[in-house]
Structures are given as C-alpha cells and as structure tokens.
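Q: here is a sequence with its predicted model. Questions after.
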Amino acid sequence: MVNPVIRAIRKMFYFFMSLILADILLAIVTETAAKGNPYLYPIFTKVTLALSEFLIGAIVVSFAILFIKYRKIIVPSVREVVYNKQEDIIYQPELISLKTRLITIFTIALSAFTMILLGLAPYTPKGFIIDTITPFIISILINGLVFPRIKPFKYIKPGEIKIVTINTRTPGATAEVLTLSHNPFSKRLIIINNTLPSNIIKTIEAHEIEHAKEHHALIKSIFNNLNYSLFFTTVELISIFIFAEVHPHHVSFTVNAGFVVKDLLFFVGLIFVYLLFLRVAESRADAAAFRASGSEAYNHMITLIRMFRENSRRVDLRRVEVFPFSFRVSSFLDRVVHTSSREALRTGDALSSLAQWEIPAVFAFFGSIIEVLRLSSVNLVIFAFPLFFVGMFVVIVLVGLVFLPLTRSYGGTQKGRMNFSFLVSGLYLITDVITLTVIYNFYLALLVLVSGLVLSFLIQKSFLSDMRTAVKTFLITFAVYETINVSLFLIFLGSHLGVF
C-alpha cells in the first residue's frame, strides 16, 4: 500500500509539472505568434508572468498544507529514519539540521522577497550588496533569537558544552547556535553514538569537543547563511537579466552580462573557501583525536568507517519514505569535507591531511575573482581570469617556499609546515588584492588592510603553540612579504625609468 504522503507528493508533482509546461508553452506563444500583435502581446506577457508567480506561491502553500494535513504520518516516518526512539528524537542530528536549515532558508527567502517588493533589485553593484547583506544580517538576528529557544537548545545554558549519547545514524555531531548575549555568546551541543565501543567513543568525543571549542559549527552556520543569501540574490539577478534580455521594452534599465558572470564566479569562489574551511576544521578535529587516543585514533576511524559503510549497505532506501535523497547527499558531502588520507589522525598535524595544492588553488581562485570584479566586459573577464589564477597560484607557492624556513615554530610534519606557509602567503596576498580593489577609498582600504592582517594573525595563532610564537611568526613573515613587494615595485619602477 502506498503511503498517502507519497501519493500526495506524486499528485503535486504531476500538477506542478503541468503548470510549468503550460507556462513554458505560453512563453513560447508570447514570443512567437503573439509578438507581432500589439494587443495580444501585453495580454500573453501578463498571463505568463502571473502564472509563474502563481506557481511559486502554490508550491509553498501546497507543501505547507501537505505537512499540516499529514504531520501525524510524516513525523513518525522521520522518527523511523532515526531509529524510532522517542526520547532521543529531539537530539537527532538530522532533525536538528533540518529544523535549523528550514528556518534559515525561510527567513532569507522572505527577506529577499521583501527586498523585491521594496523595489531594491540587485542589477547594480550597490543593489547587489544590499540585497545580499540585508537578508544575511536578518537571518543571523532571527537565528540568535529563535534557535536558543527551541528544542534541544532550550535545555542548554549559554556557554555550556552539553554532551549527549544516543542511538543515531552518525558517529558524532556538533551543533552550536548564537544567543545574542555578550558573554557567553553561544550554546553548544555534542551528540555521540552510544552503540559504539568505549575506546572509539573516546576518540569521537575528542574530535567533536575540538569542533565545539573552536566554534566550527557556528562558523559553518554563518557561512551557510551567507551562501543562502548570496544564492537567492544570484537567482534574482539571473532572472532579472533574462527578463531584461527577453523583454527589453518592459524595463527601464539594463543588466550587464559581465556583472552576472562575476556574480556567479564570486558565488562559486565563496563555496570553495567554505569547503576549504570545512576540510581544515575536520583535520584540526582529527589532530585533537590523535592527542586523545594516540596512534590508535586512525585505527578507530578506519573501524568506524567500515562499520557505518556496512550498515549503510543494509539500509533499504526504498523503505525510507521521507527525504531518501538527503542520505545520499549527506554521504557525498561527508566525503567532500573530510580528506581522503585523514593523515592528522596518524601524525597529530592539523594540516598534514590536505594536499599541497589545495590551499594555493583556493586562495588563487578567490583572489582571481576579486581581481576581475573591476572588469566590465564578459570576454575580458573570461580571458583575464585564468591568467590571474595561474599568476596568483605561482606567487602563493613561491612566497610560501620563502616562508618555509621562517615557519619552523609550526612543528608537525614537513607537509603540514609547507601547507602552513602556503596558508600564510595566501592570506597576505588576498589581503593585498582586496585592499587594492578598494584603494579609491582610503578609509575603506585601511579598514580592509587592518582587518585582513588581524584575521591573518588570528589564523596563524590558532596553529601555533603560544602568543609569543604567533606574534614573532606574524611579524617576521609579514616583514619578508612586504620586503618582496617593495623589491618587486622598485624593479618594476626602475625598468620603466631605464635604470635597469
């Protein structure tokens, strides 16, 4: 017997697909048969747009009605996915993630829709920044007001790290929410699978505690909010661009194609930076697990991976009636954010798990995006971007190699120390690139420079043993970096003046 929820979803799918096809057919008729008729063309255009708006609203309302009508079926089905243990249901990582993400996405979508109603369109750089930053800030405020008051965070004191052991599909997970209080500013929750052997639980607990201490989950949620906000703004910008191209006589403005391309590049670049942060955060947590369990940490992780892969093969996804695709996506993302070698579990070196090309490539990609933001032509952006990327990649690697003898205080493995050198050189380069991009405004450029250097110092400090070592390493590497910059500038100036 087919679950009534699945049956309702199928009916909704067929209905909305019919509406989408009808909307596409209307658009084709509008742009072909009705385009030459001054009376029919405006009518068909308005009907097409009205159907599109109705379709968006109907989808939202239909899913809301579906959940309200079948909530007594959906909730037990979700509980079955998480092992049907009612006393543990509020602590299940999947449900916590689903709950917080839905609230965040709804908040950002509603804020973006409000910006549209107010007439603040993102077809100019200023409008794009406002349309992205405003929903992002609103979502952070709403999250800080709502999340601490919902289950399970309402049972946690601000500043507390609560550890819960339950029967769950994941070995361990960490969640953190803002409290909008000065001190402490967050609530942290660690969830551990209680069906595992005690020695493996010790390793997992050390791994998750490191995530909680360094606020990785909170930084991740802030990144997600920014990505969601940027995604909605990007979709809106692309929609406006397509509409302006199809109906140029219906709009009083033009959208530059180069601006759309740069927006897409920036969105992709931000995702790459986010993924790099996740991989570094996981490696740092692995290093903490090594400090807790020694060389056995790697063996524990291998045993754990084998256990959960074996369990995943036994799960019949056809029997999972709620969000079956999410499990496949979650498994894929888990493999993306964790390095394949997990070298930090064997060495205790937080950066030894990353390949030596990862940090230079991500910084070079993001730096190249910042550089092409000043270009207006699509062809020029496409031509200049790979040149900037190759040049920045080479510069980061070469400067990193110069820094290598200066970063001995990092300790760890040779591979980890080299990655740390690349990280330092990449941070300095990105700070320079952004500063030069806004150099027309002295105060803004000064703010960017100081902020970038402070961030660079804090990141270096997180990898070094003490404050004195961090200050020494920062001052020496920055002095060498600026010496290289001044030397190259003098050589460039001298060659143009005929000195060399």
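A: Thanks, I have the structure now. Bear in mind that the values here come from a model prediction, so they are computed numbers and not experimental data.

Q: alpha carbons of the strand or helix carrying residue 429, in PDB - could you do that?
A: Element membership for residue 429 (DSSP states H and E) is helix 414-437. C-alpha atoms of helix 414-437 as PDB (Å, rounded to 0.1, in the frame of the first residue of the first chain):
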ATOM      1  CA  GLN A 414      57.200  18.800   6.600                       C
ATOM      2  CA  LYS A 415      53.900  18.600   4.600                       C
ATOM      3  CA  GLY A 416      52.000  20.300   7.300                       C
ATOM      4  CA  ARG A 417      54.600  23.100   7.700                       C
ATOM      5  CA  MET A 418      54.600  23.700   3.900                       C
ATOM      6  CA  ASN A 419      50.800  23.900   3.900                       C
ATOM      7  CA  PHE A 420      51.000  26.400   6.800                       C
ATOM      8  CA  SER A 421      53.500  28.500   4.800                       C
ATOM      9  CA  PHE A 422      51.100  28.500   1.800                       C
ATOM     10  CA  LEU A 423      48.300  29.500   4.100                       C
ATOM     11  CA  VAL A 424      50.200  32.500   5.400                       C
ATOM     12  CA  SER A 425      51.300  33.600   2.000                       C
ATOM     13  CA  GLY A 426      47.700  33.200   0.600                       C
ATOM     14  CA  LEU A 427      46.200  35.200   3.500                       C
ATOM     15  CA  TYR A 428      48.700  38.100   2.800                       C
ATOM     16  CA  LEU A 429      48.000  38.000  -0.900                       C
ATOM     17  CA  ILE A 430      44.200  38.000  -0.500                       C
ATOM     18  CA  THR A 431      44.500  41.000   1.900                       C
ATOM     19  CA  ASP A 432      46.600  42.900  -0.600                       C
ATOM     20  CA  VAL A 433      44.200  42.100  -3.500                       C
ATOM     21  CA  ILE A 434      41.100  43.200  -1.700                       C
ATOM     22  CA  THR A 435      42.900  46.400  -0.400                       C
ATOM     23  CA  LEU A 436      44.000  47.400  -3.900                       C
ATOM     24  CA  THR A 437      40.500  46.800  -5.200                       C
END
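
Q: show me what it is packed against.
A: Where contact means 3 or more Cβ pairs under 8 Å, 6 or more residues apart in numbering; DSSP states H and E, helix 414-437 is packed against helix 358-372, helix 378-403, helix 442-463, helix 467-497. Every C-beta, even on glycine, is put in place using the N, C-alpha and C of the backbone.

Q: give me the helices and strands touching the shortest one, please.
A: For helix 358-372, the elements it packs on are helix 257-293, helix 378-403, helix 414-437, judged by 3+ Cβ pairs under 8 Å, 6+ apart.

Q: now those helices in CSV, with mean pLDDT?
A: What follows is these, written out as CSV (pLDDT from 0 to 100):
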stretch, mean pLDDT
helix 257-293, 86
helix 378-403, 89
helix 414-437, 91
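
Q: tell me which of those sits most buried.
A: Most buried of the helices and strands packed on helix 358-372, by mean neighbour count (mean count of other Cβ atoms under 10 Å): helix 414-437, with a mean of 22.

Q: thinking again about what came up before, can you give me how far the helix holding residue 429 is from the chain middle?
A: Centroid separation for helix 414-437 versus its chain: 20 Å, with Cα atoms, centre = their mean, to the nearest Å.

Q: again with stretch 151-163
A: Mean-position distance between stretch 151-163 and its chain equals 25 Å (Cα atoms, centre = their mean).

Q: show me the contact partners of that stretch.
A: 90-91, 96, 147-148, 164, 175, 177, 179, 181, 183-190, 192, 205, 209, 212-213 (Cβ atoms under 8 Å, 6 or more residues apart in numbering).

Q: just the buried members of those?
A: 90-91, 96, 147-148, 164, 175, 177, 179, 186-190, 192, 205, 209, 212 (16 or more other Cβ atoms under 10 Å).

Q: list the buried ones in stretch 346-355?
A: Using 16+ other Cβ under 10 Å as the test for burial, stretch 346-355 gives 346-354.

Q: next: stretch 134-148.
A: Across stretch 134-148, burial judged by 16+ other Cβ under 10 Å covers 134-136, 138-140, 142-144, 147-148.

Q: Throw the residues you listed into CSV and include secondary structure, thanks.
A: Output for the buried residues of stretch 134-148, formatted as CSV (DSSP: H, G, I helix; E, B strand; the rest coil):
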residue, secondary structure
134, helix
135, helix
136, helix
138, helix
139, helix
140, helix
142, helix
143, helix
144, helix
147, helix
148, helix
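
Q: would you point out the most distant pair within these?
A: The span of the buried residues of stretch 134-148, defined through Cβ to Cβ, is set by 134 and 148 at 22.8 Å.

Q: that older thread, any chance of the helices and strands packed on helix 358-372 in CSV, with distance to residue 127 too?
A: Below are those laid out as CSV (distance: least, Cβ to Cβ, whole Å):
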stretch, distance to residue 127
helix 257-293, 11
helix 378-403, 20
helix 414-437, 19
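
Q: mind listing which of the contacts of stretch 151-163 are in helices?
A: Assigned to helices by DSSP state H, the following of the contacts of stretch 151-163 qualify: 96, 205, 209, 212-213.

Q: what's the weakest-modelled helix or strand in the protein?
A: Within the chain, confidence by mean pLDDT, DSSP states H and E is lowest for helix 71-81 among all helices and strands, at a mean of 47.

Q: what's the closest of the ones in helices among the contacts of stretch 151-163 to residue 299?
A: Residue 299 lies nearest to residue 205 out of those, by Cβ to Cβ, at 16.5 Å.

Q: hang on, isn't that closest one packed against residue 172?
A: Yes: between residue 205 and residue 172 there is a contact at 7.2 Å, judged by Cβ atoms under 8 Å.
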